[in-house]
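>>> dropping the sequence and predicted coords here.
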Amino acid sequence: MRSLFLVPLLFVSALAHAGFRLMIPNGINVPNPCTNVFGLWNAVGHNIEIGGGAANVFGADFVTANTKWTKDLCQKDSDMDGKTNGEELGDPNCVWTAGATPAGDATGHPGICEPMSSANCMKINVNITCI
């Protein structure tokens, strides 16, 4: 019984691993769409900006891609806001590799539909928690 409880905790802990931010372009510089001032979203793959808890749609897609930045993940629009993950993370041509400098800056969050106040995004972002 105890092992059934530990497995989900280990999985959540693994998803929140800060090293994953280095496996996507501009992973340490993803804008925080919850703020009106410059801020960063520290847990790109999670519904909560500080990490932990459930994965957001980008986090789930990242796990499906075996925690690798792939062309398919780059070309996908995980958060359904009309921009590909690559466009939002500064890799519009999907050529970035780990350790390289992205083509541009991150302009959005690949796991949070933006603008958050739009009717469409309010439905999609129902599980996002702004702190």
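Yep, it's here. Here the structure is a predicted model, which means the values were calculated and not measured. Numbers count the residues shown, from 1 in each chain.
>>> need the next SSE after the worst-scoring helix or strand of the chain on mean pLDDT, C-terminal direction.
Lowest on mean pLDDT, DSSP states H and E among the helices and strands of the chain sits helix 2-15, with a mean of 40. Using DSSP states H and E, the helix or strand that directly follows helix 2-15 along the chain is helix 57-64.
>>> pLDDT score assigned to the residue lying closest to residue 75 once chain neighbours are set aside?
Distance criterion CB to CB, 6 or more residues apart in numbering; nearest residue to residue 75, sequence neighbours excluded, is residue 84 at 5.5 Å. No exception for glycine: its C-beta is placed from N, CA and C like everyone else's. pLDDT, residue 84: 98.
>>> likewise for the one 5 residues further on?
As summarised for this prediction, residue 89 has a pLDDT of 98.
>>> name the nearest residue to it, sequence neighbours excluded.
Spatial nearest neighbour of residue 89, excluding adjacent residues (CB to CB, 6+ apart): residue 25 at 4.5 Å.
>>> distance of that neighbour from residue 93?
As judged by CB to CB, to the nearest Å, residue 25 and residue 93 stand 11 Å apart.
>>> can you check residue 83 too?
14 Å.
>>> next one: residue 54
31 Å.
>>> looking at the two, which is more packed in?
The neighbour count for residue 54 versus residue 93, taken as other CB atoms under 10 Å, is higher for residue 54 (14 against 10).
>>> from memory residue 52 sits against residue 59, does it?
No. With contacts counted by CB atoms under 8 Å, residue 52 stays clear of residue 59, the gap being 11.5 Å.
>>> where does pLDDT dip in this structure?
Along the chain, the model assigns pLDDT under 70 to residues 1-17, 36-38.
>>> the same query, at a cut-off of 90, please.
1-19, 35-39, 42, 49-53, 130-131 (pLDDT under 90).
>>> now tell me what touches stretch 108-121 from outside.
Contact with stretch 108-121 is made by 30-34, 41, 44-46, 56-59, 78-81, 83, 85, 87-89, 122, 124-125, 128, as judged by CB atoms under 8 Å, 6 or more residues apart in numbering.
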